[in-house]
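A.B. asks: my questions concern the predicted model and sequence given below.
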Amino acid sequence: MSHPSDEDDPFEDIREKTDNPMKRLFSEYGSRNLRYFGLGFFGSVAARVLDLLPPLLLGIAIDAVFEQNVPFDLPLVPASVIPTGPRDQLVFTVGIIAFAFFGGSVFHWIRNYGWNSFAQNIQHDIRTDTYDKMQRLNMDFFAEKQTGEMMSVLSNDVNRLERFLNDGMNSAFRLSVMVIGIAAIMLWLNPRLAVVSLLPVPVIAVVTWKFIDVIQPKYADVRKTVGHLNSRLENNLGGIKVIKTFNTEGFESERVDDVSYDYYDANWDAITTRIKFFPALRVIAGIGFVITFAVGGFWVLGEAPFWLTGGNELTVGVFTTFILYTQRFIWPMAQFGSIINMYQRARASSARLFGLMDTPSRIVEDPAAEDLVVDDGEVVYDDVTFGYDEGETIVDDISFEVDGGDTLALVGPTGAGKSTVLKLLLRMYDVNEGSITIDGQDIRDVTIPSLRQSLGYVSQDTFMFYGTVRDNIAYGTFEADDEAVIEAAKAAEAHKFITNLPEGYDTEIGERGVKLSGGQRQRLSIARAMLKDPEILVLDEATSDVDTETEMLIQRSIDKLTEDRTTFAIAHRLSTIKDADQIVVLEDGRIAERGTHEELLSEDGLYGHLWGVQAGEIDELPQEFIDRAAKRASRTEAEAGDD
Ligand code: ADP
């Protein structure tokens, strides 16, 4: 990898492909907000120009009004409007200075309004676009990336862009107007003294450049370690149940301590470098100031050497203006470094954001795709082979036919590939070989929304969104009326417990609301599927972890749900699927046995023995099955060890 410090960057690969992200940021997002950019730009320039007026006027007033050794005249102001007497001239000067301050405030407001609107609008657009794109990505993307990483792109990277677009651009314009403006006025007033006063500028530029070079890799380290820290914290909070039950709080605290210490270390390293930078600038600025003061002072006294003055005079007024300006442009220069820094971070962030937006979808809809039309709901798997990674086979040569309205159950040991077989039907992944058809239509040839619309999915661990019970049942069928929701809940045996909740269907659930039990959530998810009324249903381990009565309720509601619907069911407890029209036993991604419950029992294979164990008829699986399972387990471990 080309940037060793970025090797932990999960988006490295996609980021590399995005060239010139800042240009793209401005052309794609900046152009939509041109008027705000214009306001910010105009406000910045105008405000800074007005900021430069008072020192200049003070210098002129000293010479023309107080010392009265030069005539009062102002650049760009016609002589006819300038009053004559010193008193009137002073009033005139005070008037302009007052106007400069007042006008300056107005332009500062305009500039802030412009830049903030520009930054906020782009931030909003980018965030929503990225989110929109991200949720359309394939499941394999989510399987590979951690949620924390994606959260970090959606929040940190977007915020970093905002900071640059607001503070960074704001400062950049201030810096340019100040430095260019001051240099121009100085050169106009007294070119020779201007050269002396501007001496620190190149020195500051070089020092800043060096500083950036040194601090960059340190900041990269800080980012990397904070990433590790966040992942660890997130992982631990997610696994808090395990931590508690295994009594490993001490162990975990130590692990957090370790990563936190790495972060501390990296941060401290960056801090020690950073806090040397500003004193160094102060020294350079101080030297510049002292030199200007000394040269100018002797010049005013008429004691500066001829090669320096060229025989010109320096008035007290011009000297004062120079001193005030010298003070003013050094500090904006110091921000030069942080602007470059902000720019580079923003560049990396937009590269990540665009990288994410450009991630190709592995599942693409055929442009000629037509909507799926489900008639009977007959599903056919024909020689389906699939692996998550190239060269890997997880599901091998699977074929079966399910007639419309029938139920097919998939059983087999954990890791046999049952969920994978069904993920292929939902088209979360595409098959490598073979095909899956619904009523004769290959699922790769139909539009994805129409496919997903025809499929319902009920799993053991159904996600509930923040919102009310009603919202969660109607999720995906948003237009459903209350009656339909209640009917679905009744069919799912959920109506009774819902009406017992504090606010019935309007009860808030989720983290901030009422906590539901596993069995309750499951019934809500069944109600959700009832309401959606899909032609084909996928049940993933639909009953477990609940008491016998709840199980009975759930079973009854599932029976209602699956009636007249083509159904695929994965169940570990064989009692729940013994009435299935077809049972397919998977082992290592291949079909080991198939048939009805009765047929399989008479075969005396894996299914028969699993049934025997679960029904309590035999104490344990015969040795040959245990040996096979052990062999599988050791192979999986060896594979895991290879990683
Ligand atoms: P089952 O549902 O029978 O328990 P799965 O279909 O979940 O089996 O898993 C089959 C195999 O595929 C396992 O070896 C598992 O590690 C692997 N697997 C599952 N999901 C993924 C994934 N997203 N990426 C890579 N491998 C996966």
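C.D. replies: Received the coordinates, thanks. Remember, predicted model here, so these are calculated numbers, not experimental data.
A.B. asks: return the set of buried residues in stretch 120-139.
C.D. replies: 121-123, 126-127, 130, 134, 137-138 (16 or more other Cβ atoms under 10 Å). All C-beta spots, glycine's among them, are computed from the backbone N, C-alpha and C.
A.B. asks: ignore the last one, stretch 358-375
C.D. replies: Buried-residue list, stretch 358-375, by 16+ other Cβ under 10 Å: 359, 369, 372, 374.
A.B. asks: can you list contacts of that stretch?
C.D. replies: 14, 17-18, 133, 136-138, 140-141, 404, 427-430, 438-439, 441, 443-448, 450-451, 453-454, 535-536 (Cβ atoms under 8 Å, 6 or more residues apart in numbering).
A.B. asks: ok, stretch 404-413 next?
C.D. replies: Against stretch 404-413 from outside (Cβ under 8 Å, 6+ apart): 375-378, 400, 402, 418, 421-422, 439, 562, 564-572, 574, 577, 579-587, 592, 606-607, 610, 629, 632.
A.B. asks: contacts with the ligand among those, please.
C.D. replies: Checking the contacts of stretch 404-413 against the ligand by Cβ under 6 Å from any ligand atom, the ones in range are Lys418.
A.B. asks: type out the PyMOL command that picks the buried ones from the contacts of stretch 404-413.
C.D. replies: To isolate the buried members of the contacts of stretch 404-413 in PyMOL, using 16+ other Cβ under 10 Å:
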select buried, resi 377+378+400+402+418+421+422+439+562+565+566+567+568+569+570+571+572+574+577+580+582+583+584+585+586+587+606+607+610+632
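A.B. asks: and Arg136, backbone torsions?
C.D. replies: phi -90, psi -10 (degrees, to the nearest 10).
A.B. asks: quick one: which of the contacts of stretch 358-375 sit in strands?
C.D. replies: 438, 441, 536 (DSSP state E).
A.B. asks: of those, which is the nearest to the ligand?
C.D. replies: Closest approach to the ligand among those (Cβ to the nearest ligand atom): Ile536, at 18.5 Å.
A.B. asks: for the nearest residue to the closest one once chain neighbours are set aside, which residues are in contact?
C.D. replies: Leaving out its chain neighbours, the residue that sits closest to Ile536 by Cβ to Cβ, 6 or more residues apart in numbering is Thr566, at 4.6 Å. Contacts of Thr566 were listed using Cβ under 8 Å, 6+ apart, and they are 377-379, 402-407, 535-537.
A.B. asks: mind giving me the PyMOL select for those, buried ones only?
C.D. replies: In PyMOL, this line selects whichever of those come out buried by 16+ other Cβ under 10 Å:
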select buried, resi 377+378+379+402+404+405+406+407+535+536+537
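A.B. asks: the contacts of Thr566 in helices, which ones?
C.D. replies: The helices, defined by DSSP state H, take in nothing from the contacts of Thr566.
A.B. asks: can I get the contacts of Thr566 in CSV including pLDDT?
C.D. replies: Listed next are the contacts of Thr566 as CSV, based on pLDDT from 0 to 100:
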residue, pLDDT
Gly377, 94
Glu378, 96
Val379, 96
Val402, 96
Asp403, 95
Gly404, 93
Gly405, 93
Asp406, 94
Thr407, 94
Glu535, 93
Ile536, 95
Leu537, 93
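A.B. asks: any stretches of the stretch 251-400 of the chain with poor pLDDT?
C.D. replies: Across the stretch 251-400 of the chain, nothing is flagged by pLDDT under 70.
A.B. asks: write out the residues of it neighbouring the ligand.
C.D. replies: Proximity of the stretch 251-400 of the chain to the ligand (Cβ under 6 Å from any ligand atom) is limited to residues 388, 394.
A.B. asks: ok and the residue in the stretch 251-400 of the chain nearest the ligand?
C.D. replies: Closest to the ligand within the stretch 251-400 of the chain is Tyr388: 3.4 Å, counting by Cβ to the nearest ligand atom.
A.B. asks: want to throw the ones in strands among the contacts of stretch 358-375 into TSV with distance to Thr326?
C.D. replies: TSV is the format used below for the ones in strands among the contacts of stretch 358-375 (distance: Cβ to Cβ, whole Å):
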residue	distance to Thr326
Ile438	78
Gln441	78
Ile536	78
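A.B. asks: could I get those residues as TSV with distance to the ligand?
C.D. replies: What follows is the ones in strands among the contacts of stretch 358-375, written out as TSV (distance: Cβ to the nearest ligand atom, whole Å):
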residue	distance to the ligand
Ile438	21
Gln441	25
Ile536	19
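A.B. asks: ok, the closest residue to Leu187 other than its chain neighbours - contacts?
C.D. replies: Ranked by Cβ to Cβ, 6+ apart and with sequence neighbours excluded, the top spatial neighbour of Leu187 is Ala194, at 4.6 Å. Going by Cβ under 8 Å, 6+ apart, Ala194 touches 183, 186-187, 322.
A.B. asks: next: Asp157.
C.D. replies: 349-350, 352-353.
A.B. asks: go with 6 Å
C.D. replies: 349, 352-353 (Cβ atoms under 6 Å, 6 or more residues apart in numbering).
A.B. asks: excluding sequence neighbours, find me the nearest residue to Lys218.
C.D. replies: Ala270 (4.1 Å).
A.B. asks: helix or strand for the one you found, which one?
C.D. replies: Secondary-structure element containing Ala270, defined by DSSP states H and E: helix 249-301.
A.B. asks: so how far is that helix from its chain's centroid?
C.D. replies: 31 Å (Cα atoms, centre = their mean, to the nearest Å).
A.B. asks: what is it packed up against?
C.D. replies: Helices and strands touching helix 249-301, by 3 or more Cβ pairs under 6 Å, 6 or more residues apart in numbering; DSSP states H and E, are helix 191-198, helix 200-238, helix 316-358.
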